[in-house]
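Q: Take a look and give me a structure for this.
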Amino acid sequence: DIYVTGSSAKSYLDINLFNKNNITVEWFNYGSSKHKQLWGNFEKNVSIIDLLMNEGPNSIKFLNN
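A: Numbering: from 1, shown residues only. So this is what the prediction gives:
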């Protein structure tokens, strides 16, 4: 009954559809700490998968900042 997602989803989620089905949408802020990324400049607002694949067990440190 609760759907947690990042703020980027605001551009494509149909909030009315969630509301009609009694589902609360909660927006999660992943923080702005830069984590390791393999190529180029740091790319923010990417999937949580990016953090997990680049930082592994250290990912929790970036979620609790």
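Q: Quick check: which ranges of the chain have low pLDDT?
A: The model of the chain has pLDDT under 70 over residues 30-32, 64-65.
Q: mind listing the strands for it?
A: 2-6, 24-28 (DSSP state E).
Q: I'd like to know how far the residue lying farthest from the centre of the chain sits from Asp14.
A: Farthest-out residue of the chain from its mean C-alpha position, per CA atoms, centre = their mean: Lys20, at 23.8 Å. Distance from Lys20 to Asp14, counting by CB to CB, to the nearest Å: 9 Å. (Glycine included, C-beta is placed from N, CA and C.)
Q: Closest to the centroid, which residue in this protein?
A: Mean-position check on the chain, CA atoms, centre = their mean. Result Gly6 at 3.9 Å.
Q: Give me the distance between that one and Asn45.
A: For Gly6, the distance to Asn45 equals 7 Å [CB to CB].
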